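S.K.: sequence first, predicted model second:
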Amino acid sequence: MAISSDKLNIGVIDLPEKIDPSELYSANEYRIAYNLLSSLFYLGPNDRYYSYLLSNWHADRDKKTLVLTLKKSLKFSNGDPLTIDDVIFSLKRQVIKGGSHNKLASKLVGGDLLKKIEQDISGIKKLNELNLELTFKSFSDVVFYIFTMPDTGILSKKQVDKNLNVTDWSFSSGPYHIKSKTEKKMILVKNKYHSLSETDFEFHFFKYDHEAKIVNDLLEGKIDYTFQKMFSKPEIYEKLENAKNIRISEGKITAVQEIDLNFTNYPFSDINFRQALYKEIMGHDLRPLKNDKYFVKADQYLFPHHIGRLSAEQVTSKMNSYKNLKKKYDVDKTFKYYSSNSLLPGSVKNFILAFLDKHGISIKEEPYQGYKHVRENWSEVSFFAAQMFMNDKELQQSIGYSVNMGWVFDKSQSKIKELNDKLFGAHDDKEKSILINKIADLIMEDSTIIPLYYMVSHDFMNKKIILNQDFGYFDTPKLWNFRYATKQ
């Protein structure tokens, strides 16, 4: 078998070319970055925050401040001290460079004025060698949530170039650093100074082009684990369930398979078109496997209850009010759409393309090369298929990065954020109910993301290992929580 006392082989599709906390687009980039960086906070059991880096913290919601106290004697994996200056440098870098899933510049007082790393702003204030005060424009639980993300992880100045791009992962603040990397393989090794690293495994990541090859190598013992949590073909699940050497973890809904419409292009900018497509999709069961163990039929986007989730009856009523399209659109343009078999099974793809063709929309498929590539070609895009990895526990802490970033709505973005801010401060149940219904109504009506089905995420691994998944952003397991099922 592949498992040895010193390494664990992991199969991935989309092995990142580079890792930069300001440019994290795919789930795999997040999974790896999460283990290369220490964040200020982690979201742990019972929806409570804890910290590896901080000995204490104090939030003053009236003053909109957060005072952080760094632990003494922290180190990067190369032995360099990790100091309050490294924290300040990392936060300033994130303010300047931005992030793919949050904009710290818009949260911190003075953040929009920071242009150079040498500048000071009132929102980031060093109190002494162990204490730092952050001041925000507004304060809610989302403040803590932002600092659980690898986007805001801690870097050393030595890891970046003059343009603040990360160029060196041979050491890190996180539980692992990169020992070597090629286009097809990457090796992560343990940071001996990081107390949360519970295993001495080296992690060997191998890049695959097809999910079928990953499954075959997993079954044959050539790899021990895969980041693939869902598969597009029913027969793959049957193979894995019947394999004697494979452990399948208990699943839970952690992702939405969706299509994201480009509402800057006509006719996708037409709310009647979007609602008609929504109604058509919701009227059919598009799951690749009609089995609630792995896929659950969607009726609306997977937002947590506290920001507005309609009941099934309300969804049905709202969809019944949407008009069926009778006309063809006169569009003198061939659009692109981005997808892959693992993101959009053939039966689902054909269903959507038939709807578009029926209404006069010409479209051609392009290979999906990551979200950044989609954004770079945005003017020609009709839609792209994506998986949103967000579980309800995490979303209860914020309105979701998609809402914060404005990726989900056409005209209602600012209104939904305004209502959500009121909801965070509401104490009366009647007031909460009114706000929730207003938010839910807007989410359903104006969403430019259409859910296809919910995915019940499982982990597939060699039976000789066990993975503890208590913690993680995007429902991402921490790699140091792998252990042997029996002592070797």
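M.R.: Here it is on my side, so go on. What you see is a predicted model, and the numbers here were worked out from it, not measured in a lab.

S.K.: give the buried residues for the lengthiest helix in the chain.
M.R.: In the chain, taking DSSP state H as the definition, the longest helix is helix 429-446. Neighbour-count burial for helix 429-446 flags 435-436, 438-446 (criterion: 16 or more other Cβ atoms under 10 Å). Where C-beta positions appear, they are placed from N, C-alpha and C, glycine not excepted.

S.K.: do stretch 7-25 as well
M.R.: Neighbour-count burial for stretch 7-25, counted by 16+ other Cβ under 10 Å, picks out 7-16, 19-21, 23-25.

S.K.: got it, and stretch 30-50?
M.R.: Along stretch 30-50, the positions that meet the burial threshold by neighbour count (16+ other Cβ under 10 Å) are 30-43, 49.

S.K.: ok, which pair from the residues you listed is furthest apart?
M.R.: Ile32 and Tyr49 (22.6 Å; Cβ to Cβ).

S.K.: re earlier: now go through the buried residues of stretch 7-25 and say which are in strands.
M.R.: Using DSSP state E to define strands, the subset of the buried residues of stretch 7-25 located there is 7-13.

S.K.: can you put the residues you listed in a markdown table and add distance to Gln94?
M.R.: Written out in a markdown table, the entries for these read as follows (distance: Cβ to Cβ, whole Å):
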| residue | distance to Gln94 |
| --- | --- |
| Lys7 | 33 |
| Leu8 | 31 |
| Asn9 | 33 |
| Ile10 | 28 |
| Gly11 | 31 |
| Val12 | 26 |
| Ile13 | 28 |
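
S.K.: name the nearest of these relative to Ile187.
M.R.: Nearest to Ile187, judged by Cβ to Cβ, of those is Lys7 at 8.2 Å.

S.K.: can you name the residues bridging to the closest one?
M.R.: According to DSSP bridges, the residues that bridge with Lys7 are Glu202.

S.K.: what average pLDDT does stretch 171-180 get?
M.R.: Taken as a whole, stretch 171-180 carries a mean pLDDT of 94.

S.K.: figure out the length between the terminal residues of it.
M.R.: Stretch 171-180 has its terminal residues 11 Å apart, counting by Cα to Cα, to the nearest Å.

S.K.: buried by neighbour count: which residues of it qualify?
M.R.: Going by 16+ other Cβ under 10 Å, stretch 171-180 has these buried residues: 171-178.

S.K.: for Tyr145, give its distance to Phe41.
M.R.: Distance of Tyr145 to Phe41, computed by Cβ to Cβ, to the nearest Å: 8 Å.

S.K.: phi, psi for Phe383 please.
M.R.: Dihedral pair for Phe383: phi -160, psi 160, per degrees, to the nearest 10.

S.K.: what residues does it make contact with?
M.R.: Residues in contact with Phe383 (Cβ atoms under 8 Å, 6 or more residues apart in numbering) are 259-262, 268, 337, 352.

S.K.: okay, and the beta partners of it?
M.R.: For Phe383, the beta-bridge assignment (DSSP bridges) gives partners Leu261, Tyr337.

S.K.: related to what we said a few turns ago, just the buried residues of stretch 30-50: which are in helices?
M.R.: For the buried residues of stretch 30-50, the ones inside helices are 30-36, with DSSP H as the criterion.

S.K.: find the nearest non-adjacent residue to Arg247, please.
M.R.: For Arg247, the nearest residue in space outside its immediate sequence neighbours is Lys463; the separation is 4.6 Å by Cβ to Cβ, 6 or more residues apart in numbering.

S.K.: what is the neighbour count of that neighbour?
M.R.: Number of residues near Lys463 (other Cβ atoms under 10 Å) recorded here: 16.

S.K.: so what's it up against?
M.R.: Remark: with contacts taken as Cβ under 8 Å, 6+ apart, Lys463 is in contact with 245-247, 485.

S.K.: with Lys64 instead?
M.R.: With the criterion set at Cβ under 8 Å, 6+ apart, Lys64 makes contact with 109, 135-139.

S.K.: just the buried residues of the residues you listed.
M.R.: In terms of neighbour count (16+ other Cβ under 10 Å), the buried residues within the contacts of Lys64 are 109, 135-136, 139.

S.K.: how many other residues sit next to Asp209?
M.R.: Residue neighbour count, defined by other Cβ under 10 Å, stands at 10 for Asp209.
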